[in-house]
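In: Provided below for reference: sequence and predicted model.
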Amino acid sequence: MKSLKPFRSLASRHLRPEELGTIYRLLRNAFGHQHWWPGESPFEVMIGAILTQNTAWANVEKAIRNLKDAHQLTPQALRVMTKPKLARLIRPAGYFNIKADRIKHFISFLFSEYRGSLKRMFSEKGESLRQKLLALKGIGPETADSILLYAAQKPFFVIDAYTRRIFGRHGLYDPSKTYEDWRILFEKFLPRTVGLFNDFHAQIVYLGKNFCKTKPQCASCPLQRFL
DNA sequence: GACCAGGCACATC
DNA sequence: GATGTGCATGGT
């Protein structure tokens, strides 16, 4: 996603450990629990994580709907489906040729490594599974951590463009740091629990979509005091 | 008609 | 390591 210009340039200061928890509480109080991931099953969440790459969620829902209506949203069905047919079904999510490829890669990994069983896949240690996911073509750090957190229920914090934009604008951390730097910052300063990581990331997305876009919105932003 | 959306791989410098 | 580009639909 393209980065918006900062409202003002701020040198990033030292983020105090307790501030992340405070920020989460402010967002949670203002917006309520976000109830992510909006998918019906861990498998749906994993396919959704690939489909949502640089894509509006509403379009992902259409693609998921198509797969469900065709009774094809299962590991076995996607394994035998041809790539052109898959691309046709996921067309509303955009980048359908690339994403069909990525889904097929992921499915063949699921079968070659875990005999098609999510249970076996999720019983693997988080760090080890993460490395394997990152080695797959089309699974980058954000998609890998989304799968780990929202499908496998393992405590890995998902960093996205909103996170960098918002925390960068507030001078809380340096946007040019790497994905790993950002993830480790959040994981270090927060209790490492799935429920907190889950809803905090969802809160950040909600904030990014609804408040941290244009300067006038800052007046009603729950994080105003951090500006 | 431009701009954006819950990224990633690859080329080039 | 940073920067640019292709991938593509659908909503605002």
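Out: Yep, that arrived.

In: okay, now the residue in chain A that DNA strand B sits nearest to: neighbour count?
Out: At 2.2 Å from DNA strand B, A:G140 is the closest residue in chain A, using C-beta to the nearest atom of the strand. (C-beta placed from N, C-alpha, C; glycine too.) Look at A:G140: counted by other C-beta atoms under 10 Å, it has 13 neighbours.

In: for A:L129, same thing?
Out: 21.

In: shaky segments in chain A?
Out: A:1-12 (pLDDT under 70).

In: ok, 50 please
Out: Applying pLDDT under 50 to chain A flags the ranges A:1-3.

In: which helix in chain A runs the most residues?
Out: Assignment by DSSP state H gives helix A:96-114 as the longest helix of chain A.

In: which of the residues in whichever helix or strand comes after it are buried?
Out: The helix or strand immediately downstream of helix A:96-114 is helix A:118-122, counting by DSSP states H and E. In terms of neighbour count (16 or more other C-beta atoms under 10 Å), helix A:118-122 has its buried residues at A:118, A:121-122.

In: likewise stretch A:87-102?
Out: Those would be A:87, A:89-96, A:99-102, for stretch A:87-102 by 16+ other C-beta under 10 Å.

In: which strands and helices sit next to the longest helix of chain A?
Out: In terms of contacts (3 or more C-beta pairs under 8 Å, 6 or more residues apart in numbering; DSSP states H and E), helix A:96-114 is packed against helix A:42-51, helix A:75-80, helix A:83-89, helix A:118-122.

In: around DNA strand C, which positions in chain A sit nearby?
Out: Residues of chain A lying close to DNA strand C (C-beta under 7 Å from any atom of the strand) are A:54-56, A:58-59, A:62, A:91-92, A:94-99, A:176.

In: any idea how far A:T193 is from the residue of chain A found nearest DNA strand C?
Out: Residue nearest to DNA strand C within chain A: A:G94 (2.6 Å; C-beta to the nearest atom of the strand). A:G94 sits 34 Å away from A:T193, going by C-beta to C-beta, to the nearest Å.

In: stretch A:47-66: end-to-end distance?
Out: Start-to-end span of stretch A:47-66 (C-alpha to C-alpha, to the nearest Å) is 13 Å.

In: is that stretch positioned near DNA strand B?
Out: Yes: against DNA strand B, stretch A:47-66 shows contacts by C-beta under 7 Å from any atom of the strand at A:48-49, A:52-57, A:59.

In: just checking, A:Q76 touches A:G116?
Out: Yes: with contact defined as C-beta atoms under 8 Å, A:Q76 reaches A:G116; the gap is 6.6 Å.
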